[in-house]
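Trainee: Would you be able to build a 3D model of this:
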Amino acid sequence: MYILLKKILRYKEQNDTITLSSFDYKKKIDDDFFQIDSNYVQHINNIIEDKHIDIVQCEMLETVAISLMLPKKVKKVFVHHEIGWVVKELLIKERQFEQKFYLKYSKLIEVALLNNFDCVITLSSTDKEKLKSAGVNVPIKTSFAVVNTECERLLPINEYNILSFIGPEINPPNVQGIKWFVKDIWPYLKDKDKSYKLQIIGNWSQYGINEILDGVDDVHFLGYVDDLSKVLKNSIMIVPIKAGSGIRMKILESSILGIPCVTTTVGVEGIPFENGVHCMIADDPKEFAKSILLLKKQELREKIRTNANSLVKEYYSIDAFKKNRLDVYKML
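Mentor: Below you'll find the predicted structure:
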């Protein structure tokens, strides 16, 4: 985790950035709270004072409480990549009283800490509305993630039957999504065409792997991969996310590489993709499988990968990102 400090030089087309690299600044107490190292906080405050920092930006939920320890004179911005209580709902399977209380308590704490900021940035309008409904009353601005739009697009896809899923086991929406795919979609798809193969990319425990592979054929776990372009080549990306928050970077990154994607309504939240134009979108298991089968047509695969690549390059470039964030800082 890291803190990003920005000093905005007002009235100039320039800004200085100081990044505090990751180090052990916190000790975990439980699933919600961290004991922040006082030396780390003092280090931040010294930099704020010495460099005359105007704005402090915190990213990731683990840093949200640090705002309580910052000088009152600085403006504080929080970039919310993923709403905590939305993810916790996936972890709580049995809705017993104690669990409901825990979820409500966690939500109240998160909202209270967010209200200590001068502005909250979400990566999708859906998350913005969720925060407003939950009681976040400070200004909420919708921004976006940035991807490396300079990546070279892969050659046209000549294969249709290799599917790729990217996501580590540590993320609950990934676990829920791939289990749903393997249990409810994969059998129907294999019944229509036995040639399909699925590769799962990311770190998974042996227990998690065994659970997914139980009674399933042609599914392969590749673990962590250094160069995604090599393993994604000639494949179709699946993002069967049923619940979650934030934005699916895997969709943006695969689009830059020219990999067509099949996802759900939740999976594409915050990304202005249209069904059948930039990707295939389906929430019903059979419709999801049918969307994959439609991509057997090379003409459709080329249309989707070309349109998605063009849109991401236009809206998610580093220049567009800088302008968007600078506009937020200037309004503080």
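Trainee: quick one: residue 143 and residue 122 touch, right?
Mentor: Yes. Using Cβ atoms under 8 Å, residue 143 is in contact with residue 122, at 7.3 Å. For glycine as for every other residue, the C-beta is placed from the backbone atoms N, C-alpha and C.
Trainee: And the helices in the protein?
Mentor: Ranges of helices in the chain, per DSSP state H, are 38-51, 84-91, 97-114, 125-134, 172-180, 186-192, 206-213, 228-232, 249-256, 285-294, 298-315, 318-330.
Trainee: When residue 143 and residue 122 are compared, which one has more neighbours?
Mentor: Comparing residue 143 with residue 122 by other Cβ atoms under 10 Å, the one with more neighbours is residue 122, at 28 against 18.
Trainee: Could you tell me how far stretch 170-181 lies from the centre of the chain?
Mentor: Mean-position distance between stretch 170-181 and its chain equals 14 Å (Cα atoms, centre = their mean, to the nearest Å).
Trainee: Please renumber the chain so that the first residue is 615 from this point on.
Mentor: In the new numbering, first residue 615, that becomes stretch 784-795.
Trainee: pLDDT of it, averaged?
Mentor: Average pLDDT, stretch 784-795: 89.
Trainee: quick revisit: mind giving me CSV with the helices of the chain and columns for mean neighbour count?
Mentor: As requested, these are exported to CSV (neighbours: other Cβ atoms under 10 Å):
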stretch, mean neighbour count
helix 652-665, 14
helix 698-705, 17
helix 711-728, 14
helix 739-748, 16
helix 786-794, 20
helix 800-806, 15
helix 820-827, 14
helix 842-846, 17
helix 863-870, 24
helix 899-908, 19
helix 912-929, 17
helix 932-944, 14
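Trainee: And those helices: which comes nearest residue 891?
Mentor: Closest approach to residue 891 among those is made by helix 912-929 (5.5 Å; Cβ to Cβ).
Trainee: Tabulate the helices of the chain (TSV), appending distance to residue 881.
Mentor: Compiled in TSV, the helices of the chain are given as follows (distance: least, Cβ to Cβ, whole Å):
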stretch	distance to residue 881
helix 652-665	36
helix 698-705	14
helix 711-728	23
helix 739-748	12
helix 786-794	8
helix 800-806	17
helix 820-827	19
helix 842-846	17
helix 863-870	7
helix 899-908	10
helix 912-929	13
helix 932-944	22
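Trainee: Compare the ones you listed and say which comes out lowest on pLDDT.
Mentor: Among the helices of the chain, helix 698-705 carries the lowest mean pLDDT (a mean of 72).
Trainee: hang on, the earlier thing: out of the helices of the chain, which comes closest to residue 812?
Mentor: Residue 812 lies closest, by Cβ to Cβ, to one member of these: helix 800-806, at 7.1 Å.
Trainee: got the contact list for the closest one?
Mentor: 810, 812, 830, 831, 832, 833, 899, 900, 903, 906, 907 (Cβ atoms under 8 Å, 6 or more residues apart in numbering).
Trainee: Ignoring the adjacent residues along the chain, who's closest to the last one?
Mentor: This means residue 907. Sequence neighbours aside, residue 806 is the residue nearest to residue 907 in space, at 6.0 Å (criterion: Cβ to Cβ, 6 or more residues apart in numbering).
Trainee: any chance of the contacts of helix 800-806 in JSON lines, plus distance to residue 696?
Mentor: What follows is the contacts of helix 800-806, written out as JSON lines (distance: Cβ to Cβ, whole Å):
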{"residue": "810", "distance to residue 696": "30"}
{"residue": "812", "distance to residue 696": "25"}
{"residue": "830", "distance to residue 696": "28"}
{"residue": "831", "distance to residue 696": "33"}
{"residue": "832", "distance to residue 696": "31"}
{"residue": "833", "distance to residue 696": "26"}
{"residue": "899", "distance to residue 696": "25"}
{"residue": "900", "distance to residue 696": "29"}
{"residue": "903", "distance to residue 696": "28"}
{"residue": "906", "distance to residue 696": "27"}
{"residue": "907", "distance to residue 696": "32"}
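Trainee: which stretch among the helices of the chain comes nearest residue 888?
Mentor: helix 912-929 (8.5 Å).
Trainee: hey, C-alpha coordinates of stretch 832-851 in PDB?
Mentor: Presented in PDB, the C-alpha positions along stretch 832-851 are these (Å, rounded to 0.1, in the frame of the first residue of the first chain):
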ATOM      1  CA  ASP A 832     -10.000 -29.100 -19.600                       C
ATOM      2  CA  VAL A 833      -9.500 -26.400 -17.000                       C
ATOM      3  CA  HIS A 834      -5.900 -25.400 -16.300                       C
ATOM      4  CA  PHE A 835      -4.300 -23.200 -13.600                       C
ATOM      5  CA  LEU A 836      -1.300 -21.300 -14.800                       C
ATOM      6  CA  GLY A 837      -0.400 -19.400 -11.600                       C
ATOM      7  CA  TYR A 838       1.200 -16.000 -11.800                       C
ATOM      8  CA  VAL A 839       2.300 -15.000 -15.300                       C
ATOM      9  CA  ASP A 840       4.900 -12.400 -16.000                       C
ATOM     10  CA  ASP A 841       3.900 -11.700 -19.600                       C
ATOM     11  CA  LEU A 842       0.100 -11.800 -20.100                       C
ATOM     12  CA  SER A 843       0.300 -11.100 -23.800                       C
ATOM     13  CA  LYS A 844       2.000 -14.500 -24.300                       C
ATOM     14  CA  VAL A 845      -0.700 -16.600 -22.600                       C
ATOM     15  CA  LEU A 846      -3.700 -14.400 -23.700                       C
ATOM     16  CA  LYS A 847      -2.700 -14.700 -27.400                       C
ATOM     17  CA  ASN A 848      -5.400 -16.500 -29.400                       C
ATOM     18  CA  SER A 849      -7.800 -16.600 -26.500                       C
ATOM     19  CA  ILE A 850     -11.100 -15.000 -25.400                       C
ATOM     20  CA  MET A 851     -11.300 -13.300 -22.000                       C
END
